[in-house]
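> need coordinates for the following:
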Amino acid sequence: MQTPGFLRNAQQWVFRTPERALNQAYEAAQMIEAIEREYFGGNPISSRYGNYGDSAMDYFQGDLKKYLSLIKVRMAVFRASRSVVRGSEPRVMEVQMPASETSDLSVNMIDQQAVFFRKLQVIDGVLARYANSDSNPERVITLDNGAGAELTPSTQVLRSRADQAKAGATGGSPAGPLAANAATPDSKRDAGLSDRVNVLPRSILRTVDRIRQDLDPNAEQEVVREFRSSKTKTTAAIRFLLLLIIVPLLTQQFTKTFLVGPIVDRVRAGGEEADVFLNIEMEEEALHELQQFEERLRFEVLIGKAPPLSELNIEQRVRTKATEIEDDYRDRSSSAVKNVFSDLLAAIAFALLLITRKQDVATLKSFMDEIVYGLSDSAKAFIIILFTDIFVGFHSPHGWEILLEGLSRHLGFPANRDFIFLFIATFPVILDTIFKYWIFRYLNRISPSAVATYKNMNE
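Numbering: from 1, shown residues only. Next up, the predicted model:
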């Protein structure tokens, strides 16, 4: 029995999934190589190989990240799909020929394995060139917080390579690009090495290092390079922080208005089928509002503020008000259901930003650390006291109660008083413990004077 055409096409589409994924990854690798050839003279995409400004380098780095991400995703699809269809994949692949050559009955067949290996070599070469792109020394900023930090083993290796590069340059031997970059280490890392020697006070060693840095003929270039790197890092951190705020908000509003909203409205279109109230609390609020309206109407009639009304007229007005209240709470219920799904999608968008932009997360963390640890001791103590009093202080339970009730009303859930009181009794205590542990474990080691100022201000 002959296989139907659509089944045969579907089978061919499945069998060609590895080839299709590999071709897409290969095209992305070719795009990276094209940028390297056209703008960087065949060298990797880096600021050391091209005389471009910050905006141009950010543009090139954005394209590089996009194509590298595409390569990684399509190669993952290639490996997964190839393991599935390995037993049924064809031995050869067709080569598309021009229309003028289709008259020949002989069709050129190319060994698929050779083509795969050729494309894999190109892809692996591109990935290998940017395997350590996150450790680009031009993007690293060494923070000076007043206390000498011990060098990590990787930093010591870089220092040893830098010393070897300097020795080679003195002896007249040529140095490669890595040695040339390692030959200009940050003076602050020299301070870190000096801090490990406890023979002399650290302040004297830092003063000597500062004088040596001022006398260094390359000090101006290093200052300019550090300023450019700091500017790039600050711009990237602020841009990513704005993305973390704007993208979830736009996702929540867009999905609520154009995606989730129409679906919920269509489902709840039938007035009798859909519940007007999502919980008992909303029903009690509506009943209380209707009772207040009726009592106010009768009171205004009794005091002469409104014209005399018969029971029938009062009943008609109450019925009209009940219909308005029903429509209002139906809209509130629909809005609460929309908020649940739109907030969930916004949280997913926020999580995707954190997962897919790990380098930007590290840049933002470094930027925030630089801001926090760069504050004065009094400012640090003031911020710590402010946050602890807001979230775990004496008046914080009232704020947590209002926050949880508003969140429950936003999502359409009844305000469970037992859960709220349990949350207030446990979560601020846990948060206070985390604050104290952070002060004892980290801040006491990095800035002891800030801890002393905090204790004096807190007392």
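> contacting residues for Trp400?
Going by CB atoms under 8 Å, 6 or more residues apart in numbering, Trp400 touches Ile420, Phe423, Ile424, Phe427, Pro428. Backbone N, C-alpha and C define where each C-beta goes, glycine included.
> next, find the distance separating it from Ile390.
As judged by CB to CB, to the nearest Å, Trp400 and Ile390 stand 10 Å apart.
> dump the C-alpha coordinates for stretch 439-451 into PDB.
Coordinates of the C-alpha atoms in stretch 439-451 are reproduced here as PDB (Å, rounded to 0.1, in the frame of the first residue of the first chain):
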ATOM      1  CA  ILE A 439      25.600  42.200  58.800                       C
ATOM      2  CA  PHE A 440      27.600  39.800  60.900                       C
ATOM      3  CA  ARG A 441      29.000  37.700  58.000                       C
ATOM      4  CA  TYR A 442      29.700  40.200  55.300                       C
ATOM      5  CA  LEU A 443      29.400  43.800  56.400                       C
ATOM      6  CA  ASN A 444      31.400  43.200  59.500                       C
ATOM      7  CA  ARG A 445      34.300  41.900  57.400                       C
ATOM      8  CA  ILE A 446      34.100  44.500  54.600                       C
ATOM      9  CA  SER A 447      33.200  47.600  56.600                       C
ATOM     10  CA  PRO A 448      33.600  47.200  60.400                       C
ATOM     11  CA  SER A 449      33.200  51.000  60.900                       C
ATOM     12  CA  ALA A 450      29.800  50.800  59.200                       C
ATOM     13  CA  VAL A 451      28.700  48.100  61.700                       C
END
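> just the buried residues of it, please?
Along stretch 439-451, these residues count as buried under the neighbour rule (16 or more other CB atoms under 10 Å): Ile439, Leu443, Ile446, Ser447, Ala450, Val451.
> what do you get for stretch 234-248?
Buried residues in stretch 234-248, counting neighbours by 16+ other CB under 10 Å, are found at Ala236, Ala237, Phe240, Leu244, Pro248.
> cool, and stretch 376-384?
By neighbour count, and taking 16+ other CB under 10 Å as the criterion, the buried residues in stretch 376-384 are Lys380, Ala381, Ile384.
> from the chain's centre, how far out does the strand or helix carrying Ser230 sit?
Assigning secondary structure by DSSP states H and E places Ser230 in helix 219-254. Its chain's C-alpha centre and that of helix 219-254 lie 12 Å apart, by CA atoms, centre = their mean, to the nearest Å.
> and after it, which helix or strand comes next?
By DSSP H and E, the next helix or strand past helix 219-254 is helix 260-267.
> using CSV, write out every CA atom in that next one.
Output for helix 260-267, consisting of C-alpha atoms alone and laid out as CSV, is shown next (Å, rounded to 0.1, in the frame of the first residue of the first chain):
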residue,chain,number,x,y,z
VAL,A,260,-6.1,37.0,28.4
GLY,A,261,-8.8,39.7,28.6
PRO,A,262,-10.8,38.6,25.4
ILE,A,263,-10.7,35.0,26.4
VAL,A,264,-12.0,35.6,29.9
ASP,A,265,-14.7,38.0,28.7
ARG,A,266,-15.8,35.4,26.1
VAL,A,267,-15.9,32.7,28.8
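> now do that helix: which elements does it pack against?
Contacts of helix 260-267 with other secondary structure elements, assessed using 3 or more CB pairs under 8 Å, 6 or more residues apart in numbering; DSSP states H and E, are made with helix 311-356.
> list the helices and strands the helix it packs on packs on?
In this structure, helix 311-356 makes packing contacts with helix 219-254, helix 260-267, helix 280-302, helix 396-411, judged by 3+ CB pairs under 8 Å, 6+ apart.
> which one of the ones you listed lies nearest to Thr363?
Evaluated with CB to CB, these place helix 219-254 nearest to Thr363, the distance being 5.1 Å.
> what's the angle from the closest one to helix 260-267?
Regarding helix 219-254 and helix 260-267, their directions subtend 10 degrees when assessed with axes from the mean of the first three to the mean of the last three CA atoms, to 10 degrees.
> quick thing: my sequence starts at 25, can you match it?
Sure, I'll start numbering at 25, so the last one becomes helix 243-278.
> average pLDDT across helix 243-278?
What helix 243-278 shows for mean pLDDT is 89.
> now, which of the buried residues of stretch 400-408 sits nearest Leu428?
Using CB to CB as the measure, the one of the buried residues of stretch 400-408 that approaches Leu428 most closely is Ile408, at 24.6 Å.
> what sits against that closest one?
Ile408 makes contact with Phe459, Ile463, Tyr478 under the criterion CB under 8 Å, 6+ apart.
> closest to the centroid, which residue in the protein?
Ranked by distance to the mean C-alpha position of the chain (CA atoms, centre = their mean), the top residue is Leu378 at 2.8 Å.
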